[in-house]
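Following is a predicted model, sequence given first.
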Amino acid sequence: METDFRIAAWLIEPRLNTVSNNGTTVQLEPKVMEVLVCLARHAGEPASKEELLHAVWPNTFVTDDVLVRSISELRRVFGDDARESRIIQTIPKRGYRLLVPVEPVSGEQRALPAPQSQEPAMMGRNWRILALVSGGVATLLLILLGALYVSSRERRLGKSADPQIRSLAVLPLENLSGDPTQEYVSDGMTDALITDLAQIGSLKVISRTSCMQYKQTRKSLPEIEHELKVDGIVEGSIQRSGNRVRITAQLIHGPSDRHLWANTYEGDFRDVFALERNVTEDIARQIQARFMSKSHLPHTQPRPTNPKALDAYLQGNYHLDRFGNGLGAEEMKKAAEFFQQAIDADPEFAPAYFGLARAYGELPRVSPSDAAIRRKAQETALSLDPNAPEAQTTAANNKWGDLDWSGAEKEFRRAVALNPNNVAAHHDLCELLSEMGRLDEGLKECQIAQELDPNNDHLATILYKRGDYDHAISILRLMTERHPDDGGLHYLLFECDVKKQNDKEAVEELERTLTLYGLSDAAANIHHVFAALGFRAAMLQYAKGAENLQATNQFYVPVNLADAYAVLGDNDRALYWLDQAVEHRDMIAAGLPATWLGTDPMLESLRSDPRFKDLVRRIGLSENLAPL
C-alpha cells in the first residue's frame with residue numbers, strides 16, 4: 001500500500017513515514033510504518049505475528065520483541081490503550097487486528113482538515129454513515145482498494161501466470177528403497193542437490209542443515225515456505241535397487257502450493273552424481289524461465305564413481321552428520337573409516353578426502369598425528385579438485401590455522417564471491433572478522449549466514465562478543481528449543497549467563513552442556529557443589545574436572561579452562577592455559593579456539609596484563625582490538 005490513506009482521524013503517508021492529525025505530524029521509523037501498512041492491508045482481519053515478521057523483516061532474523069515494540073509505538077501515536085483497544089487489537093497468541101476502516105486518500109482529500117473532537121470509536125461510526133451518504137465515490141474507492149489488495153495478495157500467493165523463483169529450499173529426498181539402511185543414500189543425494197543448486201549465484205538457496213530438519217515432516221509446503229522464507233521448494237525421492245537408481249524430483253511454488261515441473265531420472269548407481277547433476281540443470285532451467293536475471297550453473301560433469309567408493313563415501317557423510325550428544329569421537333572414527341574405504345576403492349575420488357579431513361578435524365581431542373592426517377587429506381583433495389565447493393573454504397581455514405589472517409580473509413571473500421549461498425564461508429568469515437576485532441563487519445556476514453540457514457544459530461556468538469548478552473540469550477533460548485541436544489548452544493548460554501551474573505542459570509546451562517557431551521558425573525558433581533557452596537565453588541569444580549579430562553586425553557579445552565579461571569580471578573592459571581592453547585592450537589577441536597582470546601568477553605580481566613598482550617601478538621593480532 002504505497003498510496004496515502006486515512007485511519008479514522010489520522011492521515012497516513014507511507015512514503016514520508018508520517019502520521020498526521022489536527023495539524024500535528026509524527027515521524028515513524030520505516031519499519032514501524034511497514035507494520036502499520038501491513039495491518040491496513042488486512043483491516044478488520046487478524047494478521048498473524050509470523051505474517052507481519054515475514055513481511056516487514058523478510059531477510060533478517062528477529063524475535064517477537066521487535067514487533068511488540070513497533071505495535072507499542074503505533075498505539076502511542078494513536079493514543080490507543082492495549083487493555084481497551086479501539087485502534088489496534090491484540091489477539092492473544094496469534095497476532096494483531098486493525099479495528100477501524102481504512103480509506104485511500106486522493107490529492108483533494110489530503111487537504112481536508114481532519115475532525116478534531118471525536119473519539120476513534122465515534123469516528124468509525126461516522127465513517128460508515130459517510131460511506132452510505134457519499135455513495136458512489138467512497139464505494140468506488142473502497143472497491144478499488146479491495147481490488148488492489150486482492151491483486152497484491154494473488155501476487156504474494158503465486159497466482160500470477162508465471163510465478164518467479166528467487167529463493168529455493170530442497171526438502172530431504174524420500175527413501176523409496178524399502179530399506180531403512182539406505183537412508184544414507186537419500187541424505188547424500190539431498191546434500192549434493194543443495195550443494196549444486198547453491199552454485200547458482202542469482203538464487204538464494206537454503207542450507208542443508210536447515211532443510212534436513214523437515215525430514216518426514218507433517219508440515220504443509222506453504223508452512224515450510226513461510227518458515228524458510230522461500231519462493232520455490234524442491235521435493236522428490238530416490239530408489240536404489242542393486243546397482244540401479246531412480247530419482248524423481250518436482251519443483252513447487254511454495255506460497256501457493258502450485259506444481260511447476262516434475263521429472264524422473266534413471267541410471268547406474270555409479271553415475272548417480274551425474275543423474276543428480278541432470279536434476280540440478282533441469283531445475284535451473286525451470287527457475288531461469290521464471291527469473292528476471294539469468295541463472296548460471298558451472299558446467300562440470302561428474303565422472304563415473306566406483307560404486308564401492310561411492311557407497312562408502314555416502315555412509316561416511318551419514319556418520320559425519322550424526323556428531324553430538326557425546327557420540328562425537330565414536331561417530332567421527334566411523335566416518336573416517338568409511339572415507340578411508342572410499343579412498344582405497346578410488347584414490348582419485350576428491351570428496352572422500354574432504355570428508356576424511358573433516359572427520360579428523362572434529363574429534364574431541366586432535367593429536368598431532370590426527371592433525372597431520374587432516375592436513376594431508378586437505379592437500380590431496382585440493383590437488384584433485386581445486387574447484388570443488390569444499391575447496392572454497394578449506395584453503396581459507398588452512399591459512400587461518402597458520403595465523404595468516406589477511407590471507408584467510410582474502411580466501412573467504414573469494415569463496416563468498418564464487419558462491420553467495422556458501423553458509424560456511426559467510427559464517428567463518430564472520431568468526432574471522434570478529435576475532436580480529438572487526439565486530440560490525442562480522443555481524444553483517446553472520447546475518448547473511450542466518451538468512452541462508454534460518455533453523456540454526458549464526459548470530460549468538462557475534463552478539464555475545466559485542467556484549468549484547470540479552471539479544472544473544474533470546475536467540476539461544478529459541479535455538480535450544482529447536483535443538484535441545486546441542487551442547488554448544490547450552491555452553492554459550494552458560495557464558496552469557498556468567499557475564500549477566502545469573503549464577504543459577506549459568507550453572508544449570510553448564511550442567512546441561514556436560515551431560516550432552518556424555519559427562520553426566522561431572523555435571524552431577526557441579527550441581528551438588530553449587531547447592532552446598534555456591535557459584536565460585538561450582539566454577540572451581542568445573543575447572544578441576546576439565547583439567548582431569550585433559551590429563552586423561554579425553555578432551556582438550558584450554559581456552560574454556562582459561563575462561564573459568566579468569567572468572568575465578570586466578571589470572572596466573574588462566575594465562576597458563578592460554579599459553580597452552582596458543583602453543584598447541586592444532587589439538588583444539590571441541591573447545592573454544594586459541595584465536596578467541598583477543599575478543600573473548602570472559603577474559604576481560606586479563607586484557608591489561610603484559611602476558612596477555614604478548615599472547616595476542618603471538619597469534620598474529622594487534623593488541624589494539626575492539627574493547628570488550
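On my side now, so go ahead. Residues are numbered from 1 along each chain as shown.

C-alpha from now on. contacts and neighbour counts both.
OK.

where does the stretch 351-500 of the chain have low pLDDT?
Scanning the stretch 351-500 of the chain for pLDDT under 70 picks out 364.

packing partners for the helix or strand hosting Glu337?
Here Glu337 sits within helix 328-345, counting by DSSP states H and E. Helices and strands touching helix 328-345, by 3 or more CA pairs under 8 Å, 6 or more residues apart in numbering; DSSP states H and E, are helix 307-320, helix 350-361.

Make TSV out of those helices and add distance to Glu511 and mean neighbour count.
Formatted as TSV, the helices and strands packed on helix 328-345 follow (distance: least, CA to CA, whole Å; neighbours: other CA atoms under 10 Å):
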stretch	distance to Glu511	mean neighbour count
helix 307-320	26	23
helix 350-361	26	25
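
Any chance of those in CSV with distance to Ser72 as columns?
Formatted as CSV, the helices and strands packed on helix 328-345 follow (distance: least, CA to CA, whole Å):
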stretch, distance to Ser72
helix 307-320, 47
helix 350-361, 48
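
out of those helices, which comes closest to Arg512?
helix 307-320 (22.9 Å; CA to CA).

show me what contacts the nearest residue to Lys204 once chain neighbours are set aside?
Distance criterion CA to CA, 6 or more residues apart in numbering; nearest residue to Lys204, sequence neighbours excluded, is Ser167 at 4.4 Å. The contact partners of Ser167, taken as CA atoms under 8 Å, 6 or more residues apart in numbering, are Leu203, Lys204, Val205, Ile206, Lys229, Val230, Asp231, Gly232.

got the buried residues for whatever helix or strand Ala415 lives in?
Using DSSP H and E, Ala415 sits in helix 405-418. By neighbour count on 16 or more other CA atoms under 10 Å, the buried set for helix 405-418 is Trp405, Gly407, Ala408, Glu409, Glu411, Phe412, Arg413, Arg414, Ala415, Val416.

And the next helix or strand past that helix?
For helix 405-418, the following helix or strand on the C-terminal side (DSSP H and E) is helix 423-435.

and the gap between Arg166 and Glu223?
Using CA to CA, to the nearest Å, one gets 18 Å for the distance from Arg166 to Glu223.

wait, I meant Val102
Counting by CA to CA, the gap from Val102 to Glu223 is 29 Å.

Neighbour count for those two, which is higher?
Higher neighbour count among Val102 and Glu223: Val102, with 22 against 14, using other CA atoms under 10 Å.

The more buried one - nearest residue in space that isn't next to it in sequence?
Leaving out its chain neighbours, the residue that sits closest to Val102 by CA to CA, 6+ apart is Ile7, at 5.2 Å.

Could I get the phi/psi values of that neighbour?
phi -120, psi 110 (degrees, to the nearest 10).

which residues does it bridge with?
For Ile7, the beta-bridge partners under DSSP bridges are Trp10, Val102.

which ones are touching it?
Going by CA under 8 Å, 6+ apart, the list of residues near Ile7 reads Val100, Pro101, Val102, Glu103.

Next, find the distance separating the third one from Phe5.
Just to be clear, that refers to Val102. To Phe5, Val102 is 7 Å away according to CA to CA.

The last one now?
With the distance defined as CA to CA, Glu103 ends up 5 Å from Phe5.

These two: which has the busier surroundings?
Set side by side, Glu103 and Phe5 show more neighbours around Phe5, with 22 against 18, by other CA under 10 Å.

Leaving out chain neighbours, which residue sits closest to the more buried one?
Nearest residue to Phe5, sequence neighbours excluded (CA to CA, 6+ apart): Pro104, at 4.2 Å.

surely that neighbour meets Arg6?
Yes - taking contacts as CA atoms under 8 Å, Pro104 lies within contact range of Arg6: 6.3 Å.

Helices along the stretch 101-250 of the chain, start to end?
Here the stretch 101-250 of the chain has its helices, by DSSP state H, counting those that start in this stretch, at 107-111, 120-134, 136-156, 183-197, 208-211, 221-228.

mean pLDDT lowest for which of these?
Mean pLDDT across the helices of the stretch 101-250 of the chain is lowest at helix 120-134; the value there is a mean of 36.

ok now stretch 191-207, how far from the chain's centre?
Mean C-alpha position of stretch 191-207 versus that of the full chain (CA atoms, centre = their mean, to the nearest Å) differs by 15 Å.

no no, stretch 511-524
With CA atoms, centre = their mean, you get 27 Å for stretch 511-524.

Please give me every residue in contact with Ala449.
Ala449 neighbours (CA under 8 Å, 6+ apart): Val423, Ala424, His426, His427, His458.
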